[in-house]
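Take a look and give me a structure for this.
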Amino acid sequence: MLKGNFFHGLGYLAEGFRLIRQPGLRLFVVIPLVLNILLFATLFVFLADIFSVFIATAMGWLPDWSWLQSLDWLLWLLYGGVILLMLAYGFVIVANLIGSPFYGYLAELTEKHLTGQEVGVDGGWAQIIKDIPRALWREVQKILYYLPRALGLLILGLIPVVNLVVAVLWFLFNSWMMALQYVDYPADNHRMSFPLLRQRLAQQRLSALGFGLPVSLGAMVPILNLFVVPAAVCGATAYWVREPQLSLEKQTQA
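Numbering: from 1, shown residues only. Below you'll find the model as predicted:
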């Protein structure tokens with residue numbers, strides 16, 4: 001049985017958008033934002049043609065069944081939605097590879113802000129440079145978790161009729177991955193392993209899906225997705241601070 005509060009989880013991204021406007025956090029929002037703008041412009045040009053070709057190919061594989069052909073518009077929407085989800089998380093993967101050292105430090109500053117500690121950036125650049133290898137390895141772990149599952153869903157999505165269910169599974173999986181992706185920043189700051197983080201998030205999976213859903217939707221919207229990434233980092237840090245099952249320290253104290 002799924003546990004957690006889906007609607008409670010929905011509110012964390014909105015809180016993240018409020019947090020990125022805080023004076024002490026803005027600098028570490030602006031720098032990765034500029035990097036993401038350059039990245040997004042490049043990906044948009046590169047992937048525009050690939051999107052149309054993939055859709056045409058996928059539709060060509062459908063058997064010539066009269067009832068299926070009458071639903072071609074629905075299947076086009078489903079395939080298009082799956083591809084948008086893939087591109088959305090693909091954008092997130094690349095953006096986070098580039099900005100991961102900044103996002104880890106942004107999560108640290110956000111946690112200080114939320115817990116009433118002084119937010120200062122003295123020595124921040126040295127810490128960012130020092131954390132680059134660990135941050136990149138953490139991103140690689142998430143990619144290695146994502147790729148085989150995404151490949152399995154992609155293969156299932158090529159099967160007529162089954163792809164109707166797979167489209168829904170893709171959406172749920174993407175929401176789960178977005179929660180994992182961003183809550184991992186404060187978890188990594190506390191040296192929680194990625195497997196343990198997955199276990200802790202799974203204990204309240206509905207809350208995690210509630211957080212990941214608007215992030216996943218926002219990541220599919222051009223321009224908005226540039227701002228969703230830092231807002232998701234801040235929202236995920238609020239999630240870390242307030243969800244009691246995540247922190248080892250909180251459970252020890254309890």
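
what's next to the helix or strand harbouring Leu196, contact-wise?
Assigning secondary structure by DSSP states H and E places Leu196 in helix 194-203. For helix 194-203, the external contacting residues (Cβ atoms under 8 Å, 6 or more residues apart in numbering) are 3-4, 138, 141-142, 145, 179-180, 183-184, 187, 192, 208, 245-246. Quick note: C-beta positions are derived from backbone N, CA and C, even for glycine.

hmm, try it at 7 Å
Under the contact criterion Cβ atoms under 7 Å, 6 or more residues apart in numbering, helix 194-203 has outside partners Lys3, Arg138, Gln141, Ala179, Leu180, Val183, Asp184, Ala187, Ala208, Gln245, Leu246.

and it, which residues are buried?
Using 16 or more other Cβ atoms under 10 Å as the test for burial, helix 194-203 gives Phe194, Leu197, Arg198, Arg200, Leu201.

on that earlier part again, which ones among the contacts of helix 194-203 lie within helices?
Members of the contacts of helix 194-203 lying in helices (criterion: DSSP state H): Arg138, Gln141, Ala179, Leu180, Val183, Asp184, Ala187, Ala208.

Show the contacting residues for the third one.
Taking Cβ under 7 Å, 6+ apart as the definition of contact, the neighbours of Ala179 are Leu201, Ala208, Leu209, Phe211, Gly212.

got JSON lines for these, with distance to Leu39 and pLDDT too?
JSON lines is the format used below for the contacts of Ala179 (distance: Cβ to Cβ, whole Å; pLDDT from 0 to 100):
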{"residue": "Leu201", "distance to Leu39": "27", "pLDDT": "93"}
{"residue": "Ala208", "distance to Leu39": "26", "pLDDT": "94"}
{"residue": "Leu209", "distance to Leu39": "27", "pLDDT": "95"}
{"residue": "Phe211", "distance to Leu39": "24", "pLDDT": "96"}
{"residue": "Gly212", "distance to Leu39": "21", "pLDDT": "95"}
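
Check the gap between Pro160 and Val166 for me.
11 Å (Cβ to Cβ, to the nearest Å).

And for Val140?
26 Å.

For this protein, just list every one of the helices.
Secondary structure of the chain (DSSP H): helices at 6-19, 27-60, 66-69, 72-114, 124-156, 162-189, 194-203, 205-219, 224-242, 248-253.

Could you work out the most separated pair of the contacts of helix 194-203?
Lys3 and Arg138 (26.1 Å; Cβ to Cβ).

The two - which one has more neighbours?
Neighbour totals were compared for Lys3 and Arg138, and Arg138 leads with 20 against 11 (other Cβ atoms under 10 Å).

Tell me which of Val140 and Val166 has more neighbours.
In this view Val140 and Val166 are compared by other Cβ under 10 Å, and Val166 has more residues nearby, 21 against 11.

quick one: the more buried one and Ile159, what's the gap?
With Cβ to Cβ as the criterion, Val166 and Ile159 are 8 Å apart.

for Leu19, same thing?
Taking Cβ to Cβ, one finds Leu19 at 43 Å from Ile159.

more neighbours, these two?
Leu19 (23 against 12).

Could you pull up the contacting residues of that one?
Leu19 neighbours (Cβ under 7 Å, 6+ apart): Leu25, Thr110, Cys234.

Let's see the pLDDT reported for it.
Leu19 carries a pLDDT value of 93.

now Val162
74.

can you check Ala202 too?
Confidence score, pLDDT, at Ala202: 92.

a markdown table for the contacts of Ala179, including distance to Pro133?
Shown next, in a markdown table, are those (distance: Cβ to Cβ, whole Å):
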| residue | distance to Pro133 |
| --- | --- |
| Leu201 | 25 |
| Ala208 | 28 |
| Leu209 | 31 |
| Phe211 | 28 |
| Gly212 | 27 |
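
which residues does the residue positioned nearest the centre of the chain contact?
When the chain is reduced to its mean C-alpha position, the closest residue under Cα atoms, centre = their mean turns out to be Met178, at 2.6 Å. By Cβ under 7 Å, 6+ apart, Met178 lies in contact with Gly212, Val215, Ser216, Ala232.
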